[in-house]
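Chemist: build me a model from this:
(chains A and B)
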Amino acid sequence: MQAIVDLVEKAVKKLGWKAAAVEVSRTEAQFGDYSTNVAMLLASSVGENPRAIAEKLAAELSGNEFFNSVEVAGAGFINFRLSDAALAREVKSINAEPDRYGASKLYAGKVVVSEFSDPNPFKVLHVGHLYTSVIGDAISNIVAAAGGQVHRVNFGGDVGLHVAKTMWAIIQDLGGELPEKLADIPVEERSEWMGRCYVTGTRTYEDDAVAKETITENNRKIYNLHREDDHDSPFAQIYWTCRGWSYEYFDAFYARIGVKFEKYYPESEIAEVGLKTVLAQRDKGVYEDSDGAVIFNGEKYGLHTRVFINSNGIPIYEAKDVGLAIKKWDDYHFDKSIILTDAEQTDYMKVVMKSMEQYMPESVARTLHLTHGTVKLPGAEKMSSRKGNFLRAVDVIDMVAGEYKKAQGRTSDELVLGAIKYAFLKNRLGPNLSFDPETSVSMHGNSGPYLQYAAVRANAILQKIGEFEAVEINDLDEQERSLVVKLTEFSSVVDGATTELAPQVLCTYLYELAQVFNRFYENSPVANSPRSAIRAQLVQAYGYILRRGLNLLGITVPKKM
RNA sequence: GCGCCCGUAGCUCAGUGGAUUAGAGUACUUGGCUUCGAACCAAGUGGUCGCAGGUUCAAGUCCUGCCGGGCGUACCA
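Modeler: Alright, predicted model coming up:
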């Protein structure tokens, strides 16, 4: 709590000691509400033992109306117990400015580009896209709430070998370059059909040497139709139509999960600048020719070597990422660029960034690559969209909807997404995520439904009592006190989640908050109580904070459940 | 081989170097609905924090080595 930090700093100064970095953290209820170890940190510079320093500080602070008690414990901890007056002030200030209370300012005025999700046209959205979209959205929300001017962008391969493979199978399936036959594909089967074509094309590329040549040629044709702005040839007509289907399918998906993007960066729009840049920087010695390809020799930097332009002269993923980075910098001149991808790309990204550092160091220094693991479902094999044994994003939503219906007799996207998003976000980023639709997204315990329910309960109370007076808040009992103390932790939690870009920090807090509230709820009637007007203010403040926290995670609070 | 990540209760996981006794959820055993919805609450069982050293007043947390698992390691994205 910042107010305590300020008071401690003031006391340290008053006692004539050199200011140490004061940190105040929550502590176990048996010790107090908050504690600080500043006495231990001061020990060496002051030249006294921590315990004695703590005693002096406690004496200095204990008269303050902010505290009920200030006690020294253990090796020199100072434990604080907040006064009712201090707690009342917090509740009042939450209810006065529910959307601003405790907001972080860590990104105030900063321009932030947040790239995530990154699906490829001509392919199917799988469970990984759902996962990465949910995380990216939450992180973007957190940065935006901290004052960041966040631009959410999405990158995807509308050119490249995977498109060439899909196009090959599409043309086979249509019986030739016959765009008019596309009308025969039912609207609801389009994405599915393209996904199947991708799998067929990939298998063929691996097994059939003749077809492989055609696919390689297709790849070149696709780059060329962009260069020549060809929308008329039968091949181009098929390409543009299917590409359009993909983007419609993506938009519908994002709308369904409540994630919004400012723009797509299709690879076709950045491939040229990537290609030109890599060639220009090769001439300056950053990249090298090798076996007909253009590479970056990462071994000089303890990384591995990667190809940027293949021996057919086509810019592959590496060169496209160079183009993307340049385009983003030109578009936004960002203070921070966040790129969220699967952890498989960690070393890859290091190589690309190391190469760009040679000629655009400022942009690279402001770029942060965040990674996450893979979603594992119980009993599932490793998924591969190239082999076709993957789980689609909609399959996961359907599975959870099925579980919801089984358990509660009804379901809705709002509830299903609340369950999925929370299950995805409550764990730290990085390691793989075990996701079990049946148990992990259960209706009990540390789950999205628990939190949504905890919010609905608060609303139900407020609805029942209607208008109430903002009377003075005093003589808090134990349950009321714990609820308010928990509310005061909000700002430091948000700061922590923002600093670390770690949504799980917020999840843990919100769950604890909901637990504290549910305990309060069991024992503290609001409607039929002499303390009704006081408790209503607490419930209102709690409702605001819980809703804000959930919204940061991309989770909405249902009107009813 | 080399590089990066992970290893905490039966299972899934939290855990900015600090508190006699390492926390949740789940599962299991109990108790609590005439109430602002019990999708809740309360109590209990369950740990050599992978192993071994080191740094520190203090290590699940930092360092080193080892064991186990995952990922990456040149023309896919």
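Chemist: quick one: contacts of the helix or strand harbouring residue A:244?
Modeler: Residue A:244 belongs to helix A:234-257 when assigned by DSSP states H and E. For helix A:234-257, contacts defined as Cβ atoms under 8 Å, 6 or more residues apart in numbering pick out A:117, A:119, A:121-123, A:125, A:130, A:133-134, A:154, A:156, A:158, A:163, A:166-167, A:170-171, A:174, A:177-179, A:182, A:190-191, A:194, A:221-222, A:225, A:230-231, A:260-261, A:264, A:393-394, A:397, A:413, A:417. C-beta here means a position set from N, CA and C on the backbone, and glycine is covered the same way.
Chemist: for the following helix or strand past it, name the packing helices and strands.
Modeler: From helix A:234-257 onward toward the C-terminus, using DSSP H and E, the following helix or strand is strand A:263-266. Applying 3 or more Cβ pairs under 8 Å, 6 or more residues apart in numbering; DSSP states H and E, one finds that strand A:263-266 contacts strand A:149-156, helix A:317-332.
Chemist: to residue A:291, which of the ones you listed lies closest?
Modeler: helix A:317-332 (15.4 Å; Cβ to Cβ).
Chemist: got the CA positions of the helix holding residue A:244 in CSV?
Modeler: Included here for helix A:234-257 are C-alpha records, laid out as CSV according to Å, rounded to 0.1, in the frame of the first residue of the first chain:
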residue,chain,number,x,y,z
PRO,A,234,-8.2,-17.9,-62.4
PHE,A,235,-5.4,-18.7,-60.0
ALA,A,236,-5.6,-15.3,-58.5
GLN,A,237,-9.3,-15.4,-58.3
ILE,A,238,-9.2,-18.6,-56.3
TYR,A,239,-6.4,-17.2,-54.1
TRP,A,240,-8.2,-13.9,-53.3
THR,A,241,-11.5,-15.6,-52.6
CYS,A,242,-10.1,-18.1,-50.2
ARG,A,243,-7.9,-15.5,-48.5
GLY,A,244,-11.1,-13.4,-48.0
TRP,A,245,-12.8,-16.4,-46.5
SER,A,246,-10.0,-16.8,-44.0
TYR,A,247,-10.2,-13.3,-42.8
GLU,A,248,-14.0,-13.5,-42.5
TYR,A,249,-13.5,-16.6,-40.5
PHE,A,250,-10.9,-15.0,-38.2
ASP,A,251,-13.0,-11.9,-37.6
ALA,A,252,-16.0,-14.1,-36.6
PHE,A,253,-13.8,-16.0,-34.2
TYR,A,254,-12.3,-12.9,-32.6
ALA,A,255,-15.8,-11.4,-32.3
ARG,A,256,-17.0,-14.5,-30.6
ILE,A,257,-14.2,-14.6,-28.0
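Chemist: mean confidence for that helix?
Modeler: The average pLDDT within helix A:234-257 is 96.
Chemist: equivalent analysis for stretch A:373-384, please.
Modeler: On average, stretch A:373-384 scores 71.
Chemist: same check, this time on stretch A:217-224
Modeler: 93.
Chemist: for stretch A:182-197, same thing?
Modeler: On average, stretch A:182-197 scores 93.
Chemist: buried set for that stretch?
Modeler: A:182, A:185, A:190, A:191, A:193, A:194, A:195, A:196, A:197 (16 or more other Cβ atoms under 10 Å).
Chemist: the fourth one contacts residue A:122, correct?
Modeler: No - using Cβ atoms under 8 Å, residue A:191 and residue A:122 do not qualify as a contacting pair, with a distance of 9.7 Å.
Chemist: so how far is residue A:393 from residue A:253?
Modeler: The span separating residue A:253 from residue A:393 equals 7 Å under the rule Cβ to Cβ, to the nearest Å.
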